[in-house]
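Engineer: here is my input; please provide its structure:
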Amino acid sequence: MAITILVSKGPASRASLRSAELARALLRNGETIGRVFFHGDGVQLCHAGTDPQKDALGAANIWQALINDYQLPATACSGSVARRGLDQPTTRLADGVETAGLGQLASALQNSEKLVSF
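Structural biologist: Alright, predicted model coming up:
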């Protein structure tokens, strides 16, 4: 069974960095991450144009590299994306990140052994 990771903290939070570090450690230990779901301020980690000053910890870059390097299924909550203005024509999410509602999280949880939330 897989692990689902829920990330609700934005780039300025140490929790967002810890979530990426945990994901990297899990993957290196052979664990399966079934889905990473970004919710709330966590969707800012998925923005392809994350401002380096807002991401001083580098969490957005680490997450985006993990998603691409390991082909992780990654979802940004569509409601959170809209509330933060990341659904505008001039913005885009990082490669490998899709948008979907909370139903996608519920589906991931049905197929997961564990949920880790940050």
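Engineer: how distant is stretch 19-38 from the center of its chain?
Structural biologist: Centroid separation between stretch 19-38 and its chain, computed with Cα atoms, centre = their mean, to the nearest Å, is 10 Å.
Engineer: what does the worst-scoring helix or strand of the chain on mean pLDDT rub up against?
Structural biologist: Here the helix or strand of the chain ranked lowest by mean pLDDT, DSSP states H and E is helix 59-69, holding a mean of 93. Outside helix 59-69, the residues within contact range by Cβ atoms under 8 Å, 6 or more residues apart in numbering are 7, 11, 13, 16-17, 19-21, 23-24, 27, 36, 44-48, 50, 55, 72, 74, 94-97. Glycine gets a C-beta too; all of them are placed from N, C-alpha and C.
Engineer: of the residues you listed, grab the buried ones for PyMOL.
Structural biologist: Only the buried entries of the contacts of helix 59-69 go into this PyMOL selection, using 16 or more other Cβ atoms under 10 Å:
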select buried, resi 7+11+13+16+17+19+20+23+24+27+36+44+45+46+47+50+55+72+74+94+96+97
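Engineer: in helices only, show me the contacts of helix 59-69.
Structural biologist: Ser16, Leu17, Ser19, Ala20, Glu21, Ala23, Arg24, Leu27 (DSSP state H).
Engineer: touching, the first one and Ile5? I think so.
Structural biologist: When you say that, I think you mean Ser16. No: counting by Cβ atoms under 8 Å, Ser16 does not reach Ile5; the two are 11.2 Å apart.
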